[in-house]
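J.: just to be clear, the model below is a prediction. Sequence and coordinates:
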Amino acid sequence: MTTEEPTLLREPPQFSRDHAVHAWIGVKALSDAGDAIWSIALAWTAVQITSPAIAGLIVAAGTLPRALILLFGGVLADRANARHVMIVFNILRVGVLIGVAVWVLAYPPTVLILTLAAIAFGACDAFYEPSAATIGRQLVRVDDLPSYSAVMQTATRLGTMGGAALGGFLVAYAGLAGSASINALTFTLVIAFIAIWLRPRFALARASRESALRGILRGFVHLKDAPTTRTLVIALSGLNLAVGPATGIGIALRAHDEGWGAQAVGIFEALIGLGAALGAIAVAKWRPRRGALGGFWALVVQGAGIILIGVGPAWLTGIGCTIIGLTAGFASVLLSATFAATIDTAYLGRMSAMTRLGDDVLMPLAMAAFGALAAATTIWIAFVGFGAALMGMMIVPLANPAFRALSLRDPA
């Protein structure tokens, strides 16, 4: 498969010497560390103040507003300057985090406050993520996309791992306010870097000026007219519905039920981050010819990792978390590089939004279903059911001939 380069603005250096991109990757990793600290604090606080089912809904609350406005964020990403969009919505995120920190310093955390914070983050994500998904395509050549994705995934996973390891201890000793403050600081650093240093090297094709609804409709028409894009978007949609509840609320529930404490949640999340970093590094050393196919086979193995989290002692849960991380890192690099190189750049924001839409529409139900199943039966049944579901989902993309042929490598 070959892909035409977008308009060249500035010649990028070799990726190994591209210090601006390396710095961006480091800043993004720091931000992800802050996100991990915040996510653990949110999940742990929710588990402490309410039932498992309600806690699952709180963690997933941000997905509903994101689902409602995500396609509008995709239209904005294909029209506007991605840097400007990212700066604006990171500023809004900082405001939300500061507001939460100030509130919980004065009053105990409540279900309402946690839910409102999750919803506000979800709304910001709906506009931020489609634009952020186009940045890599504006910085490096198609040939460097797998390397960029591998290094970015490695760094961000390590950031998540470090943040997760710290997050369990931080929420135990500094509470939700301390976790929110740390994440606000990391977002502030991201804002400064994007505004001062980050500059694109390639100009992506821009969508025509028209109403947002017409732009969304045009995206679906493009999906209908581009079979390869349609295959990839459908295959990538809804992949997190099994692993999201297992790691987002399941680990916290397991640690709470077993009496392992908040520190164990941080350690397990750190193992996922470490495994993901190693999985991303593996792509740089061993890259399958049909990258997308290899990525989805890795997700079959991930289903087994989900099952391991819910059964046996703490060490087996740790193995399951490591497997989830390894397969997530390996698959994410391959699938994200294939996606960015395959999609028409005039529709990249909208197609990125569509791949997340399936997750966001159904994630609240998946989170609530995981919590309800764990409450009605036992926690291990929820893990086994969701792990088996992920394995079953992979049958569709792995059996599709058009999908199996996708490759970034030149056939010659």
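T.: Received the coordinates, thanks.
J.: can you tell me what sits against stretch 261-278?
T.: Residues outside stretch 261-278 that contact it (Cβ atoms under 8 Å, 6 or more residues apart in numbering) are 36, 40, 43-44, 153-155, 157-169, 171-172, 247, 251-252, 255, 309, 314, 317-318, 321-329, 332. Just so you know, the C-beta spots here come from the backbone N, C-alpha and C atoms, and that holds for glycine as well.
J.: can you list the buried residues in stretch 48-55?
T.: Of all the residues in stretch 48-55, those buried under the rule 16 or more other Cβ atoms under 10 Å are 50, 52-55.
J.: what about that stretch, distance to the chain center?
T.: Relative to the centre of its chain, stretch 48-55 is centred 24 Å away, using Cα atoms, centre = their mean, to the nearest Å.
J.: do the same with stretch 389-408
T.: Distance, stretch centre to chain centre, for stretch 389-408: 20 Å (Cα atoms, centre = their mean).
J.: and the contacts of it?
T.: Under Cβ under 8 Å, 6+ apart, the answer for stretch 389-408 is 1, 142, 145-146, 227-228, 231-232, 235, 238-239, 241-243, 289-293, 296-297, 299-300, 302-304, 306, 337-338, 341-342.
J.: for it, C-alpha coordinates in PDB please.
T.: Extracted in PDB, the C-alpha atoms of stretch 389-408 (Å, rounded to 0.1, in the frame of the first residue of the first chain):
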ATOM      1  CA  ALA A 389     -16.200 -11.500  24.700                       C
ATOM      2  CA  LEU A 390     -13.000  -9.700  23.400                       C
ATOM      3  CA  MET A 391     -11.700 -13.000  21.900                       C
ATOM      4  CA  GLY A 392     -15.000 -13.500  20.100                       C
ATOM      5  CA  MET A 393     -15.000  -9.900  18.800                       C
ATOM      6  CA  MET A 394     -11.700 -10.500  17.000                       C
ATOM      7  CA  ILE A 395     -13.300 -13.200  14.700                       C
ATOM      8  CA  VAL A 396     -14.800 -10.400  12.500                       C
ATOM      9  CA  PRO A 397     -11.700  -8.500  11.500                       C
ATOM     10  CA  LEU A 398      -9.500 -11.600  11.300                       C
ATOM     11  CA  ALA A 399     -11.900 -13.200   8.900                       C
ATOM     12  CA  ASN A 400     -12.200 -10.200   6.600                       C
ATOM     13  CA  PRO A 401     -10.100 -10.600   3.400                       C
ATOM     14  CA  ALA A 402      -9.900  -6.800   2.700                       C
ATOM     15  CA  PHE A 403      -8.600  -6.200   6.300                       C
ATOM     16  CA  ARG A 404      -6.100  -9.100   6.100                       C
ATOM     17  CA  ALA A 405      -4.500  -7.500   3.100                       C
ATOM     18  CA  LEU A 406      -3.700  -4.100   4.800                       C
ATOM     19  CA  SER A 407       0.000  -3.400   5.000                       C
ATOM     20  CA  LEU A 408       2.300  -0.300   5.300                       C
END
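J.: quick check: mean pLDDT of it?
T.: Average pLDDT, stretch 389-408: 76.
J.: for stretch 122-134, same thing?
T.: Computed over stretch 122-134, the mean pLDDT rounds to 86.
J.: which other residues reach that stretch?
T.: Against stretch 122-134 from outside (Cβ under 8 Å, 6+ apart): 61-70, 72-74, 76-78, 80, 82, 85-86, 88-90, 92-93, 96, 204, 340, 345, 348-350, 352-353, 356, 360.
J.: how about Thr355, nearest residue that isn't a chain neighbour?
T.: Leu236 (4.4 Å; Cβ to Cβ, 6 or more residues apart in numbering).
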